[in-house]
Structures are given as C-alpha cells and as structure tokens.
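In: next come a sequence and a model predicted from it.
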Amino acid sequence: MRCLPGSLLICATIISITLANSPFSSVYHHLLGEFKFLGHFNIHMLVNDFLMAIFFLLVGLEIKHELLYGNLSSFKKASFPIFSALGGVIVPAIIFMVFNKGTQFEAGVGIPISTDIAFAVGIFMILKNKLNPALKIFLLSLAVVDDLISIFVIGFLYSSNINFKFLYLALFFTCILIYMNIRLRINKIYPYLIIGFFIWGLIYLSGVHATISGVLIAISIPSTKLRNEKKPISYKLEHKLSPLCNLFILPLFALANTAITLNLNIDISSSDTLIKGIIAGLSIGKPLGIMTFAFIATMLGLTEKPKGSTWLSIFSVSILAGVGFTMSIFISEIAFTNNPEFVSIAKISILLASLISIISTYIIATFASKNTSFNKNYTFKHKKTA
C-alpha cells in the first residue's frame, strides 16, 4: 500500500505522455487547457493553483511536526536541508550558465534549479525499501525550500506584474491566523480553512504561485493539543489530507502536467547548449550542489546530518532531487514564452534528466542497501564481512 501513491503517479504520467502523442492529443490538450469553467479557470489551472496548494498544506504540516517534535527540532538539524537546498539551486544554475551564458537560452537559468516535490516523494515511496526512510522528511524539507526559491525566482526574475497589495493582504490574514492560534487559542479547523481560502485567493491574485499559501496556512494551524483533545488539529488534518493528496491530487497533477509532445522533427543541433545545460544542471548539478553545501556546512559545525543517515544514503536522495519535471517545465514555459520550439526542447531535456536521476537513484540506493541494513530506529548497520 505504501508504494501505491508512487505507482499511481507513474501510471498517470505514462497515460498522459501516451495521450499527448496519440491521435487524441488535440482533444486531451483542449480538455486540460482550453475547457473553461468558473470564469477563466481550466483543469490545468485548477490542479496547479488550487489542488497543489492543498498538497503543500499537507507537506507544510508534516515539516512543521518535524520542526516541533521530530528530526528537525533543533537549529542544526533544521538547517541541514536549507544548506542542501541552497547548493541544489546555486550549482545547477552555474552549470547551466557555463553552457548558455551570452546565448539566446540564457533566460532558462531557472529551469534546472527546481525539484518536483510530488514526483520526488512518489519515487521515494516506490524505492522506500532501498532508501533510508528517515530521509523522507529531509527530501520534503529540501524540496519545499527548493520550491520556495523557485517561486521567488519565478516571481522576481520572470514576472514584472506582481501585485504587492494582494501579497501584503495575504500576509496580513496569515498574521490573523497566527494570532487566532497563539493568543485566542482557537482549536477548531474550519476558521483556519475559511481564512486560509482567502489567503489562497489573495496570493493567486498577487501573481505569485498560489501553492505557497498552503505553507502559510500550515504554519498557522495549531500543533499543540488542548486539555480535552486527544490529538492537535494539525495532526488530525494531516491524516485526513494524506489519502486525498496521495491517491487523488498527485495522480491528477501528473495527468495535467506531463502531457509532453515528443516532437522528433525539431532541430536540436542549434540547441545543444540548452540540452546540455538542463540535463547536466539537473542530473549532475543538483546532487553535486546538495552534497557539497551539506558537507561543508557539516564540517564547519553549522549543521548536522539527519540521525541514522550516512553520506551515501544522503547522496541517493540528493540524486532524486534532480527530478525537476513539472516545476522545471513550468519555468521553461515562462522563460521561453515566445518560442515554442525552445519549450519543446527544454521539456524533452527535463524528461531525460528526470529519468537519469530516477535510474541513478535506483542504482546507488541498491548498492547502498546491499551494504547496509535498517534497524527499528532506521539507523544503518554495516554488515560484517568475513
């Protein structure tokens, strides 16, 4: 059952790519992008802007729990994924610019900096027997910081029409939620969700990617229980959202975002630096940046790696962070908005880089699992050799 969400995600991806390259592709693309409802909304926008905000709410609740009570409960522990994410953004961007500085593809520098949190976690669940389960929260935290940086890049590098009035209003309502939690001690979920919906709407209207609203709402929801409560409402909400996100929202997300047309008639000879920059940035730059920054920060005593983990197990997860997929595709569409051929080349490059990252993760994780085993506390015990 634990592999089911990841398996559904993979199946949805295969179905989406197949339909996008079938005789029904025009109907499929029309259904996703041109079929309007609720005003100007389409299925693609509904999934990416609204349903994925719910997924980010779930992720935010999981990370908040770990920050308060779990593997991220001290500054050194919590800073490990932050340092890792910084490396996972800076190094891929540098690698991309090595290939594309001064070229017409320079605007695509934001493409290889992203991690697709949905796909990365889905693949993690499929490979869970080969990966250290304790590192799931590291991957989640890394991907959230990564996505927040990506949202910042989208907002301030690729967008010139951010409405700060709506953004400030969203932050104001977030402060109200925090006040309701800390001072008024309101322990019912519905007031938070109602105001949270307004926060989502304001962030959407501001021009910033609306999924960030999920993280803001998660920060505001109470994580401590009152005397007459068995569990805090954050815990209850997390367990209600988990099946909704894993079995419905994430597969729908895959269907809506992986309709990649594999156009083999495009001329790639003049775009080789774009291809190299994206593939090298995601499949090499991501793990290189994550491991380098994490290792240096650990050696300097600024942070500490997750309990029970080894550098080899962290390396396995850092490769998985190279699955940029839908977030990278989203940035490519913004970066090359007036050049559909560049977008097509970027999409194929992102798909190849993501496949390389998944296969590499499987190989490294298999090698690591043959030399280590998990005990009940998810620590590694090296097998004795004769």
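Out: Yep, that arrived.
In: now the strands for the stretch 251-386 of the chain?
Out: Counting by DSSP state E, counting those that start in this stretch, the stretch 251-386 of the chain has strands at residues 372-374, 380-382.
In: which of those has the lowest mean pLDDT?
Out: Confidence, taken as mean pLDDT, is least for strand 380-382 of the strands of the stretch 251-386 of the chain (a mean of 44).
In: number of nearby residues for Ile178?
Out: 14 (other C-beta atoms under 10 Å). Using the backbone N, CA and C atoms, a C-beta is placed for each residue, glycine as well.
In: now do Leu193
Out: Leu193: 13 neighbours (other C-beta under 10 Å).
In: residues contacting it?
Out: Contact partners of Leu193, counting by C-beta atoms under 8 Å, 6 or more residues apart in numbering, are Ile217.
In: relative to Ala118, how far out is it?
Out: 22 Å (C-beta to C-beta, to the nearest Å).
In: correct me, but Leu72 touches Glu62?
Out: No - counting by C-beta atoms under 8 Å, Leu72 sits too far from Glu62 to count as a contact (10.3 Å).
In: of those two, which one has the most company?
Out: Leu72 (24 against 21).
In: double-check that that one belongs to a strand.
Out: No - Leu72 is assigned coil when assessed by DSSP: H, G, I helix; E, B strand; the rest coil, not a strand.
In: and it, how close does it get to Leu8?
Out: 28 Å.
In: re earlier: mutual contacts of Leu72 and Glu62, please.
Out: With C-beta under 8 Å, 6+ apart as the test, Leu72 and Glu62 both reach Ile137.
In: which neighbouring elements make contact with the helix or strand hosting Leu250?
Out: Leu250 is part of helix 250-257 when elements are defined by DSSP states H and E. Identification of packing neighbours for helix 250-257 by 3 or more C-beta pairs under 8 Å, 6 or more residues apart in numbering; DSSP states H and E yields helix 4-20, helix 43-45, helix 52-69, helix 117-126, helix 325-335.
In: same for the longest one, what does it pack against?
Out: In this case it means helix 52-69. Short answer (3+ C-beta pairs under 8 Å, 6+ apart): helix 52-69 packs on helix 117-126, helix 136-157, helix 212-220, helix 233-244, helix 250-257.
In: mean confidence for it?
Out: Mean predicted confidence for helix 52-69 is 88.
In: ok, the fourth one next?
Out: Mean pLDDT, computed over helix 117-126, is 86.
In: ditto for stretch 338-350
Out: 87.
In: how about stretch 285-293?
Out: Rounded mean pLDDT across stretch 285-293 is 97.
In: so where's the longest helix in the chain?
Out: The single longest helix within the chain, with elements called by DSSP state H, is helix 340-371.
In: just the angle between the helix holding Leu250 and helix 52-69, please?
Out: If you take axes from the mean of the first three to the mean of the last three C-alpha atoms, to 10 degrees, helix 250-257 sits at 130 degrees to helix 52-69.
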